[in-house]
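Student: The sequence and its predicted three-dimensional model are supplied below.
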Amino acid sequence: MVHATVSCGLPEPEFMQIHDGFEVIFRKLEALLDDLNERQKQAWTYLREHEIITKAIYADLCRCPPRTALKDLQDLVKKGILKREGVGKATSYRRVR
């Protein structure tokens, strides 16, 4: 189920245990985008035309310190909007879809 939703470009579903079973919550990507800060929205727009974004590109694009760029990118990964690839200076981020 998780693979199917992610492969369609949607955020991972949320699973919640209730009583004797569980509930699955599916969210539209647009609903998640409403919760982003302005820098993150700017990066999302950038990623519509570019395959990847790096911390340096993000910081330059949003005119923010590298530490802020990293925190914002990590938040986007945590929300299931971006996928992290590589390590160290070679780290880049791409849209889940």
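Tutor: Received the coordinates, thanks. The model shown is predicted, which means the values in this text are computed figures rather than measured ones.
Student: quick one: secondary structure of Q40?
Tutor: With DSSP: H, G, I helix; E, B strand; the rest coil as the basis, Q40 sits in helix.
Student: Also E51?
Tutor: coil.
Student: so who does it touch?
Tutor: R94 (CB atoms under 8 Å, 6 or more residues apart in numbering). The C-beta positions use only the backbone N, C-alpha and C, and glycine is treated the same way.
Student: Low-confidence stretches in the chain?
Tutor: Along the chain, segments meeting pLDDT under 70 span 6-11, 27-31, 97.
Student: could you pull out the helices for it?
Tutor: Taking DSSP state H as the criterion, the chain contains helices spanning 2-7, 29-33, 38-49, 55-62, 66-78.
Student: How about V24: which residues does it bridge to?
Tutor: F15 (DSSP bridges).
Student: re the thing from before, mind putting the helices of the chain into TSV with distance to F22?
Tutor: Listed next are the helices of the chain as TSV, based on distance: least, CB to CB, whole Å:
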stretch	distance to F22
helix 2-7	13
helix 29-33	21
helix 38-49	30
helix 55-62	36
helix 66-78	22
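Student: Select, out of the ones you listed, the one closest to A90.
Tutor: helix 55-62 (11.0 Å; CB to CB).
Student: Pull out the buried positions in the closest one.
Tutor: 55, 57-59, 62 (16 or more other CB atoms under 10 Å).
Student: Find the centremost residue of the protein, please.
Tutor: The centroid of the chain falls nearest to I81 when counting by CA atoms, centre = their mean (2.3 Å).
Student: Does it touch D35 like I think?
Tutor: No: using CB atoms under 8 Å, I81 is not in contact with D35; the gap is 9.9 Å.
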